[in-house]
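Enquirer: structure for this input, please:
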Amino acid sequence: MEAAREGALEVVRSILEKGGDVNAIDNQRYHAVHFAAKGGFFEILKVLSAYKGDMGIIAMDGNTALHLAASGGFVDCCKFLGQRGCDPTWKNIQTLTPKAIAKEGGFKAAMKEIGKAMRLFKKYSKPSVKNPNPPWALRLHDWSFEHQLALRESFAALDKGEGIVSRADFVEVLTEKGAPVTPEEMDNILRLHEKGRAGDISTEEFLKGSKYLQKNFLLSSYAPKKKKAKKGKKGKKGKRTLPMPICTMPSHLITRREDGGPPNFMIEACHNVTDVNRFDYDHPPQNPLTDDTGWYVDDQERAYTHINFATKAGDLESLKRAFEDGISVDVKDIFYKTPLISACTYGNMEAVKFLLEKGADVNSSDNFMWTPLHHACHAGQSDIAELLLQYGAKIDAIALNGSTPLMRAVESGSLDCVQTLMKSGAKVQIVNKKGQNVLDVAKAYADYRLIDLIQAKLDSLPKPKEKKGGKMKGRMEGKAKAVSKPQTPAMPELAPAKQEILKSTEVLIPRKEKKSAIVHLNNLITLGETKKVDITFVPKTVWITEPSTSDRIRKREHQRERFTYEVDFEDFKMPFSKNLMEKSLALVNGNPSMCI
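Expert: So this is what the prediction gives:
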């Protein structure tokens, strides 16, 4: 018992091998199994069970070994004791079951194992139900596992080949080693292992125990499970390597400012520092001299905003300041979105024009390989799409799933946008990764206007010529041809008239003759040039141009013309979301006519 209390496995094994009483108890009826369970010594419990240790002894305080194992949350010990005869429903003098003790300690895994043991105990306690894992079979399995080295040596001497021994030799070895079985139980073991072998027995099957015990009751079930390597199925293509990380940009690619400030896509928000009692956006100062509030009004703390949020809000002043400070006009956030992409997503025409004038890349792509044209078409903005095409946007740019801007325009339900793209030469026969062309997408979104328009375009296409033998020369499905990036237009050459004017001015301006340095300085001193004071006025703050009330009203009217009056409400949705919502509600309400 002391060896079990201290967890001394080899000492416990040596004492039992020399004939120590495995079921000895103290004056409190505590047993070696109690002490091993209290310390969570699972290996000692296996040895005690192999030497016929009684797992269900109840102490004077009403605790079984399972109570003590549950108090420590030892999962394997709880499972083993519940299988080896310890009553999981027994209550101690405090009227607590092992499961209640585990619950008090917060040991959920131990509670789960005890719960399984309780269900099995109640099930097999009924007289009409036969236990497939009788106590004698469990005892024999634990004994054979503990003495497997000695058994293997004896079986190897009598081996007929491939681990097979005769019936008589098998019985002789078990009897010689002192197996804890009766003659009737030995007959059951022989009958289970002789099936299909004509009197011969496989020693490995016996040592494994799977012939006379369920898998969950075997000691091998307590070993840590190894993860099986997944085998590739025949004919299944390997996973496609994505051209770029999906969703977010890796942290090592996010560039920060040289001074250690926030990432480059976080820009400083510009605001006017002024006395609101004197000036506002309707009454700005006439010039920097009249605005002296910067000298007596405290400046606000520097605040940073996401460059795409500033683009969405149309904060062009903050964008101008950022570009003047060296931020790239094509800076990307963690989702690889540039300011131009955000402007196209939210249909901000003013911001799109501003960014294109600043030289924004019209063919940049985000994490799903959507270009600004994809986003503009997805938002149903035909005028923005037309402007992007004028600046050299790829009309048939392919996204990660194989979709084109024309497919995005169809999804948004924008007839104007679809017509603009088709007039500009967008291909209607390109298919995406799902094998759908533009007509299939239009049918999926059930817009008869677009279906008729696209069908007419497909019918007007010239049919491919047939080769001899009836084979088609080309397929209708095709991929968009890669369009080279438009070259930056070269600087225009000066007109001959301007060149002549420059030449004439060069002739008219007389060249200054070189003078001696001493004579030159003397003349400057005489004229008083060296005593001139710089009186240039540098204002402390410069008023940032803000839209007036009339400008704001005009902008709102423009938004209503672009997105309808619904843009003023909080539940406003962009064209794609609105189109999808209308179709979904029509199907839910049982009115499919609205979807066609």
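Enquirer: show me the shaky parts of the stretch 101-250 of the chain.
Expert: 195-198, 225-246 (pLDDT under 70).
Enquirer: for it, just list every one of the helices.
Expert: 108-124, 135-146, 148-157, 167-177, 183-193, 203-208 (DSSP state H, counting those that start in this stretch).
Enquirer: tell me the most buried of the ones you listed?
Expert: Of all those, helix 135-146 has the most neighbours on average by mean count of other Cβ atoms under 10 Å, namely a mean of 20. Backbone N, C-alpha and C define where each C-beta goes, glycine included.
Enquirer: what packs against that helix?
Expert: Packed against helix 135-146 by the contact rule (3 or more Cβ pairs under 8 Å, 6 or more residues apart in numbering; DSSP states H and E) you find helix 42-50, helix 183-193, helix 203-208.
Enquirer: recalculate using a threshold of 10 Å.
Expert: helix 42-50, helix 75-83, helix 148-157, helix 167-177, helix 183-193, helix 203-208 (3 or more Cβ pairs under 10 Å, 6 or more residues apart in numbering; DSSP states H and E).
Enquirer: among those helices, which is nearest residue 25?
Expert: Proximity to residue 25 (Cβ to Cβ) singles out helix 42-50 among those, at 13.0 Å.
Enquirer: next secondary structure after the helix or strand bottoming out on mean pLDDT in the chain?
Expert: Lowest mean confidence among the helices and strands of the chain (mean pLDDT, DSSP states H and E): helix 496-508, at a mean of 41. Next in sequence after helix 496-508, counting helices and strands by DSSP states H and E, comes helix 517-527.
Enquirer: contact partners of the helix or strand that comes right after that next one?
Expert: On the C-terminal side of helix 517-527, the closest following helix or strand by DSSP H and E is helix 549-563. Residues outside helix 549-563 that contact it (Cβ atoms under 10 Å, 6 or more residues apart in numbering): 280-282, 314, 346-350, 379-381, 383-384, 546-548, 565-568, 572-575, 578.
Enquirer: just the buried ones out of those, please.
Expert: Those of the contacts of helix 549-563 that meet the buried threshold are 314, 346-349, 379-381, 384, 574-575, 578, by 16 or more other Cβ atoms under 10 Å.
Enquirer: can you redo the helices of the stretch 101-250 of the chain as TSV with distance to residue 269?
Expert: Compiled in TSV, these are given as follows (distance: least, Cβ to Cβ, whole Å):
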stretch	distance to residue 269
helix 108-124	49
helix 135-146	72
helix 148-157	75
helix 167-177	85
helix 183-193	80
helix 203-208	72
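Enquirer: can you say which of these is nearest to residue 291?
Expert: helix 108-124 (67.7 Å).
Enquirer: what inclination does the closest one have with respect to helix 75-83?
Expert: Angle between the axes of helix 108-124 and helix 75-83 is 10 degrees (criterion: axes from the mean of the first three to the mean of the last three Cα atoms, to 10 degrees).
Enquirer: helices and strands around helix 108-124, which ones?
Expert: Using 3+ Cβ pairs under 10 Å, 6+ apart, helix 108-124 sits against helix 65-72, helix 75-83, helix 98-105.
Enquirer: residues contacting it, please?
Expert: In contact with helix 108-124 (Cβ under 10 Å, 6+ apart) are residues 66, 69-83, 85-90, 97-103, 105, 107, 129-134, 216-217.
Enquirer: try it again at 8 Å.
Expert: Here helix 108-124 makes contact (Cβ atoms under 8 Å, 6 or more residues apart in numbering) with 66, 69-70, 73-75, 78-79, 82-83, 87-89, 97-99, 102-103, 129-131.
Enquirer: same check, this time on stretch 127-134
Expert: 83, 123-124, 213-214, 217.
Enquirer: let's go with 10 Å and repeat that
Expert: Under Cβ under 10 Å, 6+ apart, the answer for stretch 127-134 is 83-84, 120, 122-125, 137, 140-141, 185, 188, 212-214, 216-218.
Enquirer: quick one: terminal-to-terminal distance for stretch 37-48?
Expert: 11 Å (Cα to Cα, to the nearest Å).
Enquirer: list the buried residues for it?
Expert: Using 16+ other Cβ under 10 Å as the test for burial, stretch 37-48 gives 37-42, 44-48.
Enquirer: and that stretch, how far out from the chain's middle?
Expert: Distance of stretch 37-48 from its chain centroid, counting by Cα atoms, centre = their mean, to the nearest Å, is 43 Å.
Enquirer: what average pLDDT does that stretch get?
Expert: On average, the pLDDT along stretch 37-48 is 90.
Enquirer: does residue 544 touch residue 318 like I think?
Expert: Yes - Residue 544 is within contact range of residue 318, at 9.1 Å (criterion: Cβ atoms under 10 Å).
Enquirer: which neighbours do the two have in common?
Expert: Joint contacts of residue 544 and residue 318 (Cβ under 10 Å, 6+ apart) are 270-271.
Enquirer: quick one, which of the two is more surrounded?
Expert: residue 318 (21 against 16; other Cβ atoms under 10 Å).
Enquirer: residue 257: which of the helices of the stretch 101-250 of the chain is closest?
Expert: helix 108-124 (48.4 Å).
Enquirer: mind listing what the closest residue to residue 26 other than its chain neighbours touches?
Expert: Excluding its sequence neighbours, the residue lying closest to residue 26 (Cβ to Cβ, 6 or more residues apart in numbering) is residue 1, at 6.7 Å. Contacts for residue 1 (Cβ under 10 Å, 6+ apart) come out as 12, 15, 20, 24-26, 30-36.
Enquirer: out of these, which is nearest to residue 391?
Expert: residue 36 (79.6 Å).
Enquirer: for the helix or strand hosting that closest one, name the packing helices and strands.
Expert: In the assignment (DSSP H and E), residue 36 maps to helix 32-39. Judged by 3+ Cβ pairs under 10 Å, 6+ apart, the packing partners of helix 32-39 are helix 2-6, helix 9-17, helix 42-50, helix 65-72, helix 75-83.
Enquirer: center of the chain, which residue is that?
Expert: residue 247 (7.8 Å; Cα atoms, centre = their mean).
Enquirer: would you mind measuring from residue 261 to residue 346?
Expert: Counting by Cβ to Cβ, to the nearest Å, the gap from residue 261 to residue 346 is 26 Å.
Enquirer: that older thread, buried deepest among the helices and strands packed on helix 32-39, which one?
Expert: helix 65-72 (a mean of 28).
Enquirer: give me the angle between that one and helix 32-39.
Expert: Going by the same axes, to 10 degrees, helix 65-72 makes 10 degrees with helix 32-39.
Enquirer: starting at the chain centroid, how far to helix 65-72?
Expert: 41 Å.
Enquirer: find the nearest non-adjacent residue to residue 30, please.
Expert: Residue 30's closest residue in space is residue 59 (Cβ to Cβ, 6+ apart), at 5.2 Å.
Enquirer: right, and the one you found touches residue 34 too?
Expert: Yes - applying Cβ under 10 Å, one finds residue 59 in contact with residue 34, separated by 6.3 Å.
Enquirer: mutual contacts of the two, please.
Expert: 25-26, 28, 65, 67-68.
Enquirer: among the contacts of helix 549-563, name the ones in helices.
Expert: Judged by DSSP state H, helices contain the following of these: 349-350, 383-384, 575, 578.
Enquirer: and which of the residues you listed is nearest to residue 396?
Expert: Among the ones in helices among the contacts of helix 549-563, and counting by Cβ to Cβ, the member closest to residue 396 is residue 384, at 17.6 Å.
Enquirer: out of the helices and strands packed on helix 135-146, nearest to residue 438?
Expert: For residue 438, the closest of the helices and strands packed on helix 135-146 is helix 75-83, at 58.7 Å, according to Cβ to Cβ.
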